[in-house]
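Engineer: Provide a 3D model corresponding to the input given below.
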Amino acid sequence: MKPFYKFFNLLACITLVFGCATNESTTDKKSNALIHETSPYLLQHAYNPVDWKAWNAETLALAKKENKLLVISVGYSACHWCHVMEEESFENDSIAEIMNANFINIKVDREERPDVDKVYMNAVQLMTGSGGWPLNCIALPDGRPIFGGTYFPKEQWSKILMSISKLYKEQPEKAIKFAESLTKGIQESQLIPLNKATPTFTMAEAVAAVAVWKTQVDTIYGGFKGAPKFPMPNSLDFLVRYGYQFKDKSIDKYVNTALTKIAYGGIYDQISGGFSRYSVDEKWHIPHFEKMLYDNAQLVSVYAKAYSKEKNNLYQEVVTETLRFVQEELTAENGAFYSSLDADSKNKIGEKEEGAFYEWTLEELQVTIENDFELFKEFYNVNTFGFWEKDKYVLIRNTSKETFAAKHKLSLQGLNETISTWKNSLKTARNKRSKPSLDDKVLTSWNALMLQGYVDAYRAFGDVTYLESALRNANFLVNTQQRKEGGLNRNFKNGASTINAYSEDYATVIQALISLYEVTLEEQWLLHAKELTEYLFTNFFDATNKMFYFTSKKDENLIAKKYEVIDGVIPASNSIIANNLFKLGHYYSNKKYLKTAEQMLNNVKEALLKNPGNYSNWMHLMVHFSKPFYEVVVAGENALEVHRELIGNYFPNILIAGTTEENNTLPLVAYKFNDSETFIYVCVNGTCKKPETTLQSAILNIKR
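Structural biologist: Reported below is the predicted structural model:
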């Protein structure tokens, strides 16, 4: 790391010498090359005076031809600070003049091109120790970075541009030397060596890992200690499972606290449902207001699973309201799901402001809530606890409906009816405001996560409309996003399916299709999952370490080829793939799949045990290997009825198969059909116990 810091000291000295350009120039407002793109984020910048170009081979070739440095600016449509930097710098004529004269300027939608984002985010993290969006990198003409950061105020950005441009023109050898060192660091930072030790995974190791985890969490409000706070749904998902299988009451209590506080907080839209990205404070009150599909999808899954386990009515309410929000705001006519709603919207004076759509003044609330206003104020904390800033409030709860009703001598039904009236009134009033912008591009992986959310909701509540939404989306993914030769595309916009998909897309689609099979017993979904898995092996697999690259072997190489292994807000593609291989290995008695999953987990085991919070989805696989895992097969004329009852239970250590007919090609189901009676088989690695005729008897054979 020392060469990086030396270079920044040099930059700091240069920055003190060269000021920013002061003479403003005026240009007619005309479009740049981004006008031909479909990404809402790129189109937002199509009329900037900066001569933005998209990331493509032609743009990179131009930089080399003209020997110009690259400005690579990465963001996304719903990003508040991306909008701020655009307004301050990229719409400024003097800044644009500097950028256009000295650089080839590239705008990247991180959601369309996560491959580009990951490389340059890695660079910024190596240089500064942190990252975020907007992500701004300056790179050599060949793409090797020499400077990077996130948001920069206009004056600072101007000085950076002038300093680095002068450095490259007058002392290019220094820039090149630093780029070589940094690029080497990027290439080495996430290398995953093959762990040649014999794979062993024990319950004791899982317990020890969670013990480390317990020291990092906030037991008062949930989430990790400190602020900002991200819900981290895959962490909660594993801990729901861990509390159940390891009978850990302290984890059960923590998870219930976290799910309750998140649902009570301003991060959850108390009026219309749905979650914002994260909270800037420890009590989940004031969110960063954008609503992302992937957050809502995964949180639906977590709350649905937690409901199956705990039967907590709050969890059901959250799922119901969030899916209503998704249906109303993020669902296309073809069954696909849009990406996000912006953090910003126009305030009363027509200026864009973060959170303007969601905030309330006391006067607005008094006018809108005609009856029981004092009761409303107490329930939603229109007081010092719910105060935000200036004269604004964001609604937040801090008590259960049951407790509140008892305190005020109300029936629970009566309180629910009153709350429903409040919400309808507030929703009507809020919908008269300027709404946040919609990013209507459709991303394959995020759609698969939402498909998974609908499947999990159907399992928990049996609402057939949830299954119908899941099936519509699955058909969209298979019929529209899958190419004839078998591969997937990443993006869908304006009727066109584009961009070669990444391992994240394959991982999440395969996962969702396996789950869809489990709730329908329609074998076509499992066959699709297996076909996509074989495509992954052909086009993404690294035989040297048994991991999967993030990008396809068919894609043009960037300056580094990455493996995604750390579970973030979305689980790492490799952790999802490994879990998929474990399940498909059982369904198809496929030793290659099972051995690959085992080796992948072994490769990350050391890192997992040190920091389990970063490997929460891998932890599922560790528990699969260290505790009993069962294949449950329902076969017979009445299989669907038994199956419907089965899937409503919380069993994180089983996979489900079944059939209502004799002709079934799935190895796990073969020879189990009996036309005279419906049997439930509980098996381990294909070896089954005596079949049972009642689900209750079969469940006794499923141990935690």
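
Engineer: what mean pLDDT does stretch 496-513 have?
Structural biologist: Stretch 496-513 shows an average pLDDT of 98 in the prediction.

Engineer: Ok, stretch 669-688 next?
Structural biologist: 91.

Engineer: List the buried residues in the helix or strand hosting residue 258.
Structural biologist: Counting by DSSP states H and E, the element that carries residue 258 is helix 249-264. Using 16 or more other Cβ atoms under 10 Å as the test for burial, helix 249-264 gives 251-252, 254-264. No exception for glycine: its C-beta is placed from N, CA and C like everyone else's.

Engineer: my guess is residue 636 meets residue 678, correct?
Structural biologist: Yes. Using Cβ atoms under 8 Å as the test, residue 636 is close enough to residue 678 to be in contact (2.9 Å).

Engineer: Identify the contacts common to the two.
Structural biologist: residue 642 (Cβ atoms under 8 Å, 6 or more residues apart in numbering).

Engineer: Domains in this structure, by residue range?
Structural biologist: Domain assignment for the chain by automatic domain parsing gives 2-189, 203-344+439-626, 358-432, 630-699.

Engineer: check contacts around the residue most central in space within the chain.
Structural biologist: Central residue check for the chain by Cα atoms, centre = their mean: the C-alpha nearest the mean position is that of residue 570, 3.6 Å away. With contact set as Cβ under 8 Å, 6+ apart, residue 570 has these partners: 234, 294, 298, 445, 449, 504.

Engineer: make it 7 Å
Structural biologist: residue 294 (Cβ atoms under 7 Å, 6 or more residues apart in numbering).

Engineer: can you give me the helices for the stretch 601-704 of the chain?
Structural biologist: 616-626, 639-647, 695-699 (DSSP state H, counting those that start in this stretch).

Engineer: ranking the domains of the chain by mean pLDDT, which is last?
Structural biologist: Averaging pLDDT over each of the domains of the chain puts domain 2-189 lowest, since it has a mean of 86.

Engineer: okay, now the residue nearest to residue 364 when sequence neighbours are not counted: neighbour count?
Structural biologist: Among residues not flanking residue 364 along the chain, residue 429 sits closest, at 7.3 Å (Cβ to Cβ, 6 or more residues apart in numbering). Number of residues near residue 429 (other Cβ atoms under 10 Å) recorded here: 16.

Engineer: Distance from the chain centre to stretch 515-531, please.
Structural biologist: 23 Å (Cα atoms, centre = their mean, to the nearest Å).

Engineer: can you list contacts of that stretch?
Structural biologist: 452, 455, 458-459, 467, 470, 474, 478, 486, 510, 513-514, 584, 587-588, 643, 647, 655-656, 658-659, 664, 666.

Engineer: Can you select the buried ones from the residues you listed in ChimeraX?
Structural biologist: Applying 16+ other Cβ under 10 Å to the contacts of stretch 515-531, the buried members can be selected in ChimeraX as follows:
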select :452,455,458,459,467,470,474,478,510,513,514,584,587,588,643,647,655,656,658,659,664,666
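
Engineer: from the chain's centre, how far out does the next helix or strand after the helix holding residue 258 sit?
Structural biologist: Once helix 249-264 ends, the next helix or strand along the chain (criterion: DSSP H and E) is strand 278-279. Mean-position distance between strand 278-279 and its chain equals 14 Å (Cα atoms, centre = their mean).

Engineer: Check which element follows strand 278-279 along the chain.
Structural biologist: strand 287-288.

Engineer: which residues touch that next one?
Structural biologist: Residues contacting strand 287-288 (Cβ under 7 Å, 6+ apart): 80, 266, 267, 276, 277, 278, 279, 280, 343.

Engineer: So which of those wins on neighbours?
Structural biologist: That'd be residue 267 among these, by other Cβ under 10 Å, with 30 neighbours.

Engineer: what's near enough to touch that residue?
Structural biologist: 275, 276, 279, 284, 287.

Engineer: again, but for residue 69
Structural biologist: Going by Cβ under 7 Å, 6+ apart, residue 69 touches 102, 103, 138, 139, 140, 141, 164, 165, 168.

Engineer: Could you tell me which of the residues you listed belong to helices?
Structural biologist: Secondary structure from DSSP state H places 102, 164, 165, 168 of these in helices.

Engineer: Just give the closest residue to residue 165, not the sequence neighbours.
Structural biologist: residue 102 (4.1 Å).

Engineer: That neighbour and residue 68, how far apart?
Structural biologist: 7 Å (Cβ to Cβ, to the nearest Å).
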